[in-house]
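**Student:** Here's a sequence, model it:
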Amino acid sequence: MSARCEKELSLTLGLTHRVGEPEGNMKGRYLILSLMIGAIVFVSSSVVSAQTPTRIKFGRGAVRANVSGTLNSFRGKRVYTIRVREGQTLRTEQVGGASRRITIVMRDPNGDEVGDLDASCNNRREVSPTLSGDYIIEVIECRKADPWRGRFTFRVTVR
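**Tutor:** So this is what the prediction gives:
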């Protein structure tokens, strides 16, 4: 960076060195500025990554549906909602994708995690009887398998 650019940046950000001010104070100002910029970037990326859940709907008379989505990173997730009546059985299971293992997390209308856990990647869940309302279904990559990117499919059944 040229001396002129540095001077303009310092003047713009109020980071000018005052005569008699110890050099450590100037470094402290740069550190605080860097931390503030980092915090702004972090908060911005968190807000962008929040997603609106996709509603799962069945065709007329159907009791099951296959749902597909894409995960783009090991920390990525897809969120779905499904409305059920009280006393039903809600079941999810991964379809295909032996090399692209997923974990399915379900939350009841109260926000509590529900469903039976299997010993593998938890790519199957079942809740019976259900509460009335919207269940949240989160799909993430299985943390016990190798990372991958791409499409996944799972089946949702309500009876």
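
**Student:** for stretch 150-159, what is the average pLDDT?
**Tutor:** What stretch 150-159 shows for mean pLDDT is 96.

**Student:** in it, what counts as buried?
**Tutor:** 152, 154, 156-158 (16 or more other Cβ atoms under 10 Å). For glycine as for every other residue, the C-beta is placed from the backbone atoms N, C-alpha and C.

**Student:** Stretch 131-144 now?
**Tutor:** 131, 135-137, 139-142.

**Student:** Switch those residues over to TSV; also include distance to Trp148 and secondary structure.
**Tutor:** Output for the buried residues of stretch 131-144, formatted as TSV (distance: Cβ to Cβ, whole Å; DSSP: H, G, I helix; E, B strand; the rest coil):
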residue	distance to Trp148	secondary structure
Leu131	34	coil
Tyr135	26	strand
Ile136	23	strand
Ile137	20	strand
Val139	13	strand
Ile140	12	strand
Glu141	7	strand
Cys142	9	coil
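
**Student:** List the neighbouring strands of the strand or helix carrying Thr153 plus their orientation.
**Tutor:** Using DSSP states H and E, the element containing Thr153 is strand 150-158. Using DSSP bridges, the strands paired with strand 150-158 are strand 64-71 (antiparallel), strand 90-94 (antiparallel).

**Student:** export that strand as CSV, just CAs?
**Tutor:** What follows is strand 150-158, C-alpha atoms only, in CSV (Å, rounded to 0.1, in the frame of the first residue of the first chain):
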residue,chain,number,x,y,z
GLY,A,150,-24.4,-32.7,-3.2
ARG,A,151,-27.9,-33.9,-3.2
PHE,A,152,-29.7,-36.0,-0.6
THR,A,153,-33.2,-37.6,-0.5
PHE,A,154,-35.3,-38.6,2.5
ARG,A,155,-38.8,-40.0,2.8
VAL,A,156,-41.4,-38.6,5.2
THR,A,157,-44.4,-40.8,6.1
VAL,A,158,-47.4,-39.7,8.3
